[in-house]
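# next one to model:
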Amino acid sequence: MTFNELVKALEQNGFKIIKEKGSIRYYGKIGWDKLIRVDYHGSKQVPTGTCHAVLKAAGLKERRER
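Below you'll find the predicted structure:
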């Protein structure tokens, strides 16, 4: 999964950028009390552990296997 695909998955589930500083983006949504931090790097592959951690923090399951 690339960073672009990860961000798209977050946005499709109601998350929006709350704040951004450089390549670090924080996503949140109404009814979700924690911000999700994504160190955005475009079309690069997201390391597996990072991908699982972001999806878990967002309450999502990975829909696609590598």
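
# list of residues touching the lowest-mean-pLDDT helix or strand in the chain?
Least confident element among the helices and strands of the chain, by mean pLDDT, DSSP states H and E: helix 48-57 (a mean of 93). With Cβ atoms under 8 Å, 6 or more residues apart in numbering as the test, helix 48-57 has contacts from 1, 6, 9-10, 34, 36-39, 46, 61-62, 66. For glycine as for every other residue, the C-beta is placed from the backbone atoms N, C-alpha and C.

# which of those are buried? Put it as a ChimeraX command.
This is how ChimeraX selects the buried members of the contacts of helix 48-57, with burial counted by 16 or more other Cβ atoms under 10 Å:
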select :1,6,9,10,36,38,46
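
# check the contacts of helix 48-57 and tell me the two furthest apart.
Using Cβ to Cβ, these span at most 26.1 Å, a distance reached by Lys34 and Arg66.

# picking up where we left off before, among the contacts of helix 48-57, which lie within helices?
Applying DSSP state H to the contacts of helix 48-57, the entries found in helices are Leu6, Ala9, Leu10.

# ok, the residues you listed vs Ser23, which is closest?
Comparing the ones in helices among the contacts of helix 48-57 against Ser23 with Cβ to Cβ places Leu6 closest, at 13.3 Å.

# so that closest one touches Gln45, yeah?
No - using Cβ atoms under 8 Å, Leu6 is not in contact with Gln45; the gap is 10.0 Å.
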